[in-house]
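K.L.:
coords please:
(one chain, ligands or ions: 1)
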Amino acid sequence: MSHNTFGHLFRFGTFGESHGPLIGCMVDGCPPRIPLTEADLQGFLDKRRPGQSRFTTQRQEPDQVRIVSGVMVDERTGVQVTTGASIGLIIENVDQRSKDYGEIRNQYRPGHADFTYDAKYGIRDYRGGGRSSARETAMRVAAGGVARKVIPGVTVRGALVQMGPHKINRANWDWAQVDENPFFCPDAEAAQAWEAYLDGVRKAGSSCGAVIEVVAEGVPPGWGAPLYAKLDAEIASAFMSINAVKAVEIGDGMAAAALSGEDNADQMRTGNAGQPHFLSNHAGGILGGVSTGQPVVARFAVKPTSSILTTRQSVDRFGADVEIRTKGRHDPCVGIRAVPVGEAMMAIVLADAYLRHRAQVGDGAPQWPFAR
Ligand SMILES: Cc1cc2nc3c(=O)[nH]c(=O)nc-3n(C[C@H](O)[C@H](O)[C@H](O)COP(=O)(O)O)c2cc1C
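P.N.:
Modelled structure (predicted):
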């Protein structure tokens, strides 16, 4: 039984725990001769790295990625490229404080994976949550960097669109703002208001949830497959596999249920770039599990951090009631650092969909308008 791998033709698997010596992953199936350096991946990891503002955990992990296999310098060009072999990526863990977790060795944090891991395995690495720690998501971000190189025509961007109960004003959406505030928020006004809100949450020793939107532009029509390999199903699976994610929406998502047929179905007119022009994108760029050529739009909701400073009721391994107050350095809103993780998972799903589309349809993909 192995549940540490994801994907089909573009496949990656992670290993390592939060308080072990390192974390790593193997990316399998990456096509050869794609230029790839550590610097290509590091920028994405820097976005996820902790300790960058007072609004994220103060753990100091530099998250320097090393590529240990699957690349070499092509002597003809002098450029380091993928060889087609498995790409090994590692990141050393440098800032662990296992003693912070001594008290929860035998106690179960409400909302965390402590009880369920014990119930399943009978043993659990309590230091930093072990395998349930979102430290693992650093490797997804690294693998996502490789995936982006497989689909260079696709731009994947993520943004925080809701913090706790506070939503952005979508009329203010400006992608340029995402890099201008500590929340990856596309609405400058909302980001300003969130500062005071999250300061309050943090100082109260509490936490809050968030909603993240990920948009992929440049996906041509035809990626994904019907039924069990629906592109939307694979995106949902990818997002749901991220720690603390409790819901996923594609396009209008849950809100689609309240629309009329006229309002929901995206009308089409002839375009002028070899594809029909859609008059709206309620579908989130996917119909029948296959990309339409419109931006692929998906959102996920992240629950509030469960390790909080407030005292909560729980039980211990031995069957006693306990009062628990989690020490350690935790994010007051894990949704912030989940933004680059969501982007990475979207890129991974799309790279995999692209390779499978190419394998099945190859150069024979029909061009619209189709022959009579
Ligand atoms: C980027 C990121 C950082 C996280 N950091 C923390 C943390 O500091 N403390 C915590 O209790 N949970 C944190 N989590 C959430 C836990 O890893 C997660 O709740 C736990 O593994 C239980 O799994 P589940 O919430 O998916 O059921 C984080 C999640 C993400 C995505």
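
K.L.:
need the residues of the stretch 151-300 of the chain near the ligand, please.
P.N.:
Residues of the stretch 151-300 of the chain found near the ligand (C-beta under 6 Å from any ligand atom) are Ile242, Asn243, Ala244. Where C-beta positions appear, they are placed from N, C-alpha and C, glycine not excepted.

K.L.:
try it again at 8 Å.
P.N.:
Within the stretch 151-300 of the chain, the positions adjacent to the ligand are Ile242, Asn243, Ala244, Val245, Lys246 by C-beta under 8 Å from any ligand atom.

K.L.:
what about the nearest residue to Ala233 once chain neighbours are set aside, how many neighbours?
P.N.:
Take Ala233 and drop its neighbours on the chain: the residue closest to it by C-beta to C-beta, 6 or more residues apart in numbering is Gly289, 6.9 Å away. Gly289: 18 surrounding residues under other C-beta atoms under 10 Å.

K.L.:
please, where are all the helices along the stretch 101-250 of the chain?
P.N.:
Remark: helices assigned in the stretch 101-250 of the chain by DSSP state H, counting those that start in this stretch are 114-121, 137-150, 188-203, 231-240.

K.L.:
which among the residues of the stretch 151-300 of the chain next to the ligand end up buried?
P.N.:
Among these, those classed as buried by neighbour count (16 or more other C-beta atoms under 10 Å) are Ile242, Asn243, Ala244, Val245.

K.L.:
would TSV of those with pLDDT and distance to Lys230 be doable?
P.N.:
Output for those, formatted as TSV (pLDDT from 0 to 100; distance: C-beta to C-beta, whole Å):
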residue	pLDDT	distance to Lys230
Ile242	98	19
Asn243	97	24
Ala244	98	24
Val245	98	18
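
K.L.:
in TSV, list those residues along with distance to Glu195.
P.N.:
Listed next are those as TSV, based on distance: C-beta to C-beta, whole Å:
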residue	distance to Glu195
Ile242	25
Asn243	25
Ala244	22
Val245	24
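
K.L.:
what about the stretch 51-200 of the chain, any weak spots by pLDDT?
P.N.:
When residues are selected by pLDDT under 70, those of the stretch 51-200 of the chain lie in 98-100.

K.L.:
what residue in it comes nearest to the ligand?
P.N.:
Per C-beta to the nearest ligand atom, Ala134 is where the stretch 51-200 of the chain lies closest to the ligand, at 3.3 Å.

K.L.:
what residues are up against the nearest residue to that residue once chain neighbours are set aside?
P.N.:
Spatial nearest neighbour of Ala134, excluding adjacent residues (C-beta to C-beta, 6+ apart): Asn243 at 4.3 Å. The contact partners of Asn243, taken as C-beta atoms under 8 Å, 6 or more residues apart in numbering, are Ser132, Ser133, Ala134, Glu136, Thr137, Val334, Ala338.

K.L.:
number of residues surrounding the third one?
P.N.:
Residue crowding around Ala134 was assessed by other C-beta under 10 Å; the count is 22.
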